[in-house]
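A.B. asks: take this sequence and fold it.
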Amino acid sequence: MPNLDPLLTIFTAPKPFTDPHISLIQSNAIRSWLHLGDEVSVLIIGDEPGLAEFAHQAGVLQLPGVARNGQGTPLVSSIFALARQASSSPLMAYVNADILLTSQLVNTASQVFCELKKFLIIGQRHDLSVKQPVEFTTSWEASLMAEVQEHGSLHPSAGSDFFIFPRTCFTDIPHFAIGRAGWDNWMIYDARMQHLPTIDATSAITAIHQDHDYSHLPNGVAHYHLPESFENLRLAGGPRTVFTLKDADYRFENGVVLPIARSPAKIMREIEIFPLVRLRTRTLADIFFTIFHPIKGVKELRGRLAYKLSRTRGAHA
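C.D. replies: Numbers count the residues shown, from 1 in each chain. Predicted structure coming up:
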């Protein structure tokens with residue numbers, strides 16, 4: 001059961017507990033969150049096969065009844081709404097169900113919350129091959145960090161596998177499919193659009209992703225190439241909304257929130273996204289994109305024109 005007055009509620013929507021390896025890494029991840037102390041409450045959302053049994057065994061609250069799309073995939077909007085309704089903590093954290101966490105996450109969230117009222121904390125993950133249950137002894141965090149140091153690798157700065165924010169933020173989310181590409185990029189984009197300090201906490205939070213294959217997805221295809229990912233991109237507002245960790249405007253280091261240094265690459269990117277995050281105009285954003293990326297921009301324009309022509313010819317056929 002969740003704590004009465006936790007600082008932070010961690011919530012997730014796990015995959016089915018049917019594949020032995022997926023079951024193992026999800027159990028490892030969620031149990032690591034349950035060992036973060038009284039300041040943390042944990043919720044698992046959905047009614048996938050094996051989830052209720054795991055929730056009962058682990059002593060974690062399960063929230064069934066999540067809304068789904070036509071393919072049966074849980075919707076991010078419903079997951080966030082259910083978690084918010086079932087919790088009272090001032091801070092929320094959506095975390096992918098294969099991510100091991102340590103007390104670094106709680107400490108960082110608490111320190112940022114003392115400094116800011118609204119924000120989004122994100123960060124890169126460390127990839128690690130995990131084949132055995134994590135032993136949660138008194139020194140489990142130190143042992144895990146040593147394992148990451150020796151055998152782990154820092155993942156490229158694409159999206160994020162965790163999002164920490166005050167419960168008053170992200171109350172209006174499109175009906176994205178969870179576990180598909182695009183929605184995590186939208187979180188970063190929307191934070192910048194809402195002028196929330198978007199904080200890269202990679203140096204303060206070691207989020208450990210336990211490696212796995214894509215056998216749980218349709219035909220074993222990586223989620224980037226699934227129709228639901230294309231639909232996520234459409235719901236997000238198109239390719240201009242694909243923001244990454246490089247689009248954060250603050251960093252958390254040594255216990256302090258600081259502006260990210262303005263390197264030449266960062267300055268150019270901020271100019272490129274200025275029409276979106278400041279002026280909120282998609283047309284000007286497309287123009288800026290084409291200026292900065294002429295080959296990609298022209299290719300996109302040709303694709304749009306070809307699509308419109310095909311629709312016009314179909315209407316007159």
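
A.B. asks: CA only for contacts and neighbour counts going forward, please
C.D. replies: Fine.

A.B. asks: domains of this protein?
C.D. replies: Structural domains assigned to the chain are 8-250, 262-316, following automatic domain parsing.

A.B. asks: quick one, which of those domains is packed in tightest?
C.D. replies: When neighbours are counted by mean count of other C-alpha atoms under 10 Å, the highest per-stretch mean among these falls to domain 8-250, a mean of 19.

A.B. asks: for that domain, what is the average pLDDT?
C.D. replies: For domain 8-250, the mean pLDDT works out to 93.

A.B. asks: so how far is the first residue of it from its last?
C.D. replies: Chord length of domain 8-250, first to last residue, is 21 Å (C-alpha to C-alpha, to the nearest Å).

A.B. asks: go on, stretch 229-246?
C.D. replies: First-to-last residue span, stretch 229-246, C-alpha to C-alpha: 21 Å.

A.B. asks: just stretch 172-185 next, same as before
C.D. replies: For stretch 172-185, the end-to-end distance is 15 Å (C-alpha to C-alpha).

A.B. asks: let me see the contact set for the residue nearest to residue 285 when sequence neighbours are not counted.
C.D. replies: Distances taken as C-alpha to C-alpha, 6 or more residues apart in numbering put residue 275 closest to residue 285, at 5.1 Å, once the chain neighbours are dropped. When contacts are counted by C-alpha atoms under 8 Å, 6 or more residues apart in numbering, residue 275 touches 281-282, 284-285, 288.

A.B. asks: so residue 109 touches residue 164, yeah?
C.D. replies: Yes: if you go by C-alpha atoms under 8 Å, residue 109 and residue 164 touch, sitting 7.2 Å apart.

A.B. asks: what residues are shared contacts of those two?
C.D. replies: Common contacts of residue 109 and residue 164 (C-alpha under 8 Å, 6+ apart): 91, 121.

A.B. asks: can I assume residue 34 is in contact with residue 44?
C.D. replies: No: look at residue 34 against residue 44 with C-alpha under 8 Å: they stay out of range, at 11.6 Å.

A.B. asks: before we move on, the earlier item: now, which of the contacts of residue 275 lie within helices?
C.D. replies: Of the contacts of residue 275, the ones assigned to helices by DSSP state H are 282, 284-285, 288.

A.B. asks: turn those into TSV, including distance to residue 88 and pLDDT.
C.D. replies: Output for those, formatted as TSV (distance: C-alpha to C-alpha, whole Å; pLDDT from 0 to 100):
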residue	distance to residue 88	pLDDT
282	37	89
284	41	93
285	38	93
288	42	94
